[in-house]
Structures are given as C-alpha cells and as structure tokens.
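Asks: For reference, the sequence and a predicted model appear below.
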Amino acid sequence: MTVGAAIAVLVGVLALATVLGLVLRRQTGRARSTAALGADDLAAAEDYGTTATLVQFSTPTCARCPATRRQLDVLVDQHTGVRRIEVDLAERPDLAERFDVMQTPTVLLLDAQRTVRTRFGGPPRPSELAAALDSVLTADSPETR
C-alpha cells in the first residue's frame, strides 16, 4: 500500500468514526416513545409512585449514574406521588434483555399503572425529562379525566 492510500484510508476511518460519534451523541439522553411494556415486577409494590415512577438501570461501574440519580431525586422531591427505583443490572441481567438496555444509565418513566411511557438512553436531558414527566402527571390528573 502506498503512503497516499494509507492516508486516504486513515482519513476515511476518522471521518466515519466522527460521524458515528456525532449521531450517538445526538441520540443520547433524548426521550423516546416505547412499546407499552408492563414494569410492575421490578420492585415491591410500595416502591412505586402513585402517579409516576422513574426507573434507573445502572451498573456498579457506570460513571454517569450518580449524577443521573441526583437529577431524578430532585424531580422526585418536587412532585408528590413520584418515586425513583434503581435497578442494578449486575444483579438483574435478565432485565437488560427484557427492556433492551444497551447503555447505563437508562431511565424509564412509568405511569400510575406501571406502564412504560418514555425511555431515555443515557443521562436524560433535563428539559425532555421534565416534559415527559409533566405529560404523565397531567394525563393521570383528575382534571384531565
């Protein structure tokens, strides 16, 4: 291989890696709608919120999980009836497959019936998390029935 060809291959690989990195970065933390999965067996019944539950999938080596935990706890403290459940995937690897968890943290937003309404891969973007939670809370409020 000539020097020019080697440089061309190197530039191509770097360009491809950059594009893939930008795509992944753009998708991380965004709210995604999900199929209606039931999640009523992740914890004891009293651990779920009466209006909404935030489920955080974590691992012991996850560097971004502590900050996500604090972010979710702030929301829990601001809203009555909202709780947070943390699931350690090292202890429950079956749930990674069941909920298609490809990265940690992954956060699921459950409604009062414990149905997954929104999913965040990576740390949730604060504005999108707040909007998704408000959507669940207003959908379940007595004024909207």
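Replies: Received, thanks.

Asks: looking at the chain, which helix or strand does the model trust least?
Replies: strand 31-33 (a mean of 58; mean pLDDT, DSSP states H and E).

Asks: Mind exporting the C-alpha coordinates of the helix or strand that comes right after it to PDB?
Replies: Going down the chain from strand 31-33, the next helix or strand is strand 52-58, by DSSP states H and E. Written as PDB, here are the backbone C-alpha positions of strand 52-58 (Å, rounded to 0.1, in the frame of the first residue of the first chain):
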ATOM      1  CA  ALA A  52     -45.300   8.100  38.200                       C
ATOM      2  CA  THR A  53     -42.200   6.200  38.700                       C
ATOM      3  CA  LEU A  54     -38.700   6.800  37.400                       C
ATOM      4  CA  VAL A  55     -36.700   3.500  36.900                       C
ATOM      5  CA  GLN A  56     -33.000   3.900  36.600                       C
ATOM      6  CA  PHE A  57     -31.000   1.000  35.200                       C
ATOM      7  CA  SER A  58     -27.400   1.200  36.500                       C
END
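
Asks: packing partners for strand 52-58?
Replies: helix 65-78, strand 82-88, strand 106-111, helix 126-139 (3 or more C-beta pairs under 8 Å, 6 or more residues apart in numbering; DSSP states H and E). No exception for glycine: its C-beta is placed from N, CA and C like everyone else's.

Asks: Contacts for it next, please.
Replies: 39, 42, 47, 65, 68-69, 72, 75-76, 79, 81-89, 95-96, 99, 101, 104-112, 114, 133, 136-137, 140 (C-beta atoms under 8 Å, 6 or more residues apart in numbering).

Asks: Give me the below-cutoff pLDDT ranges for this structure.
Replies: 21-38, 140-145 (pLDDT under 70).

Asks: C-alpha coordinates for stretch 111-130, CSV please?
Replies: Below are the C-alpha coordinates for stretch 111-130, written out as CSV (Å, rounded to 0.1, in the frame of the first residue of the first chain):
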residue,chain,number,x,y,z
ASP,A,111,-47.2,6.0,34.6
ALA,A,112,-49.5,5.2,37.6
GLN,A,113,-50.4,1.8,36.0
ARG,A,114,-46.7,0.9,35.8
THR,A,115,-46.6,1.0,32.1
VAL,A,116,-43.5,2.4,30.4
ARG,A,117,-44.4,5.7,28.8
THR,A,118,-40.9,7.1,27.9
ARG,A,119,-37.4,5.8,27.7
PHE,A,120,-34.1,7.7,27.9
GLY,A,121,-30.8,6.0,26.8
GLY,A,122,-28.0,7.8,28.7
PRO,A,123,-28.5,10.6,31.2
PRO,A,124,-31.8,12.3,30.4
ARG,A,125,-31.8,15.8,29.1
PRO,A,126,-33.4,17.8,31.9
SER,A,127,-35.9,19.6,29.7
GLU,A,128,-37.1,16.5,27.9
LEU,A,129,-37.3,14.6,31.2
ALA,A,130,-39.4,17.4,32.8
